[in-house]
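# I'll drop the sequence and a predicted model, then ask my questions.
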Amino acid sequence: MPSFLINDTEKSTSWGTGLEQTNLAFLTYTIRPYLTRWEATVADALLNKTDRRRYFIEHNVEGLLRADSAARAAFYSSGLQNGWTTVNEVRRKENLPPIAGGDEAHVQSNMILLDLLGQMNGNQTTSP
């Protein structure tokens, strides 16, 4: 267990990236193997073969990673701009209520071909 988790920060950094990386390493190399075994054990005990194709058991460890707000913001921004996540999915992860229209995926369109500049939805308009 990392010393900062028991409030012993005398010989280690307790700020910024060092703490975040130590926390990530603890999660990845210490806790994750146990969580994976528990998930498999619970699935075997509670789900039959048919249910295992439909449901899965998984620990949500994102709360342990929430300390790095800049990385979280960049991750969410990338997902929203590239269409692999929706506003309501991000809001759900942040324990916020859904919003109307938040289940639609969007992508940035600022990187378009020059030939397509001024066109939208197949309707050609004049561009400056």
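In hand now; what should we look at?
# can you give me the strands for this protein?
119-120, 123-124 (DSSP state E).
# hmm, which helix or strand of this structure has the shakiest average pLDDT?
Lowest by mean pLDDT, DSSP states H and E among the helices and strands of the chain is strand 123-124, with a mean of 52.
# Tell me which stretches of this protein form helices.
Ranges of helices in the chain, per DSSP state H, are 16-26, 32-46, 49-54, 69-82, 87-93.
# Out of those, which one sits most buried?
Per residue and on average, the most neighbours among those fall to helix 87-93, with a mean of 16 (mean count of other Cβ atoms under 10 Å). The C-beta positions use only the backbone N, C-alpha and C, and glycine is treated the same way.
# just checking, what packs against it?
Helix 87-93 is packed against helix 69-82, with contacts defined by 3 or more Cβ pairs under 8 Å, 6 or more residues apart in numbering; DSSP states H and E.
# residues contacting Glu104?
Thr86 (Cβ atoms under 8 Å, 6 or more residues apart in numbering).
# Could you chop the chain up by domain?
The record's domain parsing of the chain by automatic domain parsing lists 1-66, 68-99.
# For the first one, give the mean pLDDT please.
Read that as domain 1-66. In this model, domain 1-66 has a mean pLDDT of 79.
# Can you report phi and psi for Val107?
The phi/psi pair for Val107 (degrees, to the nearest 10) reads phi -140, psi 150.
# sorry, back to before: would you turn the helices of the chain into a markdown table with distance to Gly63?
Formatted as a markdown table, the helices of the chain follow (distance: least, Cβ to Cβ, whole Å):
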| stretch | distance to Gly63 |
| --- | --- |
| helix 16-26 | 11 |
| helix 32-46 | 13 |
| helix 49-54 | 26 |
| helix 69-82 | 11 |
| helix 87-93 | 10 |
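# out of those, which comes closest to Gln119?
helix 69-82 (21.0 Å; Cβ to Cβ).
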